[in-house]
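K.L.:
Quick one, fold the following:
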Amino acid sequence: MIELSPIERRALRATAHHLNPTVAIAGNGLTANVLKEIDVSLNSHELIKVKLHGIKRDDRAALLAEICAAVECAPVQQIGNILVLWRPKPEDVEAAKPRCRKATPKTKKQAAAALEAKARRQ
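P.N.:
Okay, here's the model as predicted:
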């Protein structure tokens with residue numbers, strides 16, 4: 001679990017104020033799919049909100065600690081049934097983004113036509 005200073009936590013709380021929850025945990029509780037979705041959201045956004053549905057008040061703190069330990073993130077805030085989590089973006093995620101490619105022809109005829117059109121333009 002990542003530890004945050006009070007100043008960092010305050011800045012993250014202010015940033016998270018206008019965010020909407022990206023993940024919801026309901027009746028099935030914390031499953032592998034929910035953890036995977038939290039991990040994907042943290043990789044994309046760094047700072048997320050998680051909405052808890054039907055989780056008892058006593059269980060919320062334990063659930064927050066379990067999530068933070070499982071996905072290696074920092075707990076920023078817990079207000080009622082909303083959890084705010086933060087983890088810095090990994091550097092390799094930026095390199096793994098798909099790059100735009102030019103559209104390629106689907107058939108040999110289309111490829112030949114594209115080559116002819118290119119030759120006529122020159």
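
K.L.:
any low-confidence regions in this protein?
P.N.:
The model of the chain has pLDDT under 70 over residues 93-106.

K.L.:
In it, which residue is most central in space?
P.N.:
residue 41 (1.2 Å; Cα atoms, centre = their mean).

K.L.:
for that one, what are its contacts?
P.N.:
Listed by Cβ atoms under 8 Å, 6 or more residues apart in numbering, the contact partners of residue 41 are 22-23, 48. From N, CA and C alone the C-beta is placed, and that goes for glycine too.

K.L.:
and with 10 Å instead?
P.N.:
21-23, 47-50, 71, 85, 87 (Cβ atoms under 10 Å, 6 or more residues apart in numbering).

K.L.:
Strands - which of the residues you listed land there?
P.N.:
The strands, defined by DSSP state E, take in 23, 47-50, 85 from these.

K.L.:
a helix runs through residue 42, doesn't it?
P.N.:
Yes - when DSSP: H, G, I helix; E, B strand; the rest coil is applied, residue 42 is found to be in a helix.

K.L.:
Next one: the residue nearest to it when sequence neighbours are not counted from residue 33, what distance?
P.N.:
Leaving aside its sequence neighbours, residue 42 sits nearest to residue 87 (Cβ to Cβ, 6 or more residues apart in numbering; 4.5 Å). Distance of residue 87 to residue 33, computed by Cβ to Cβ, to the nearest Å: 19 Å.
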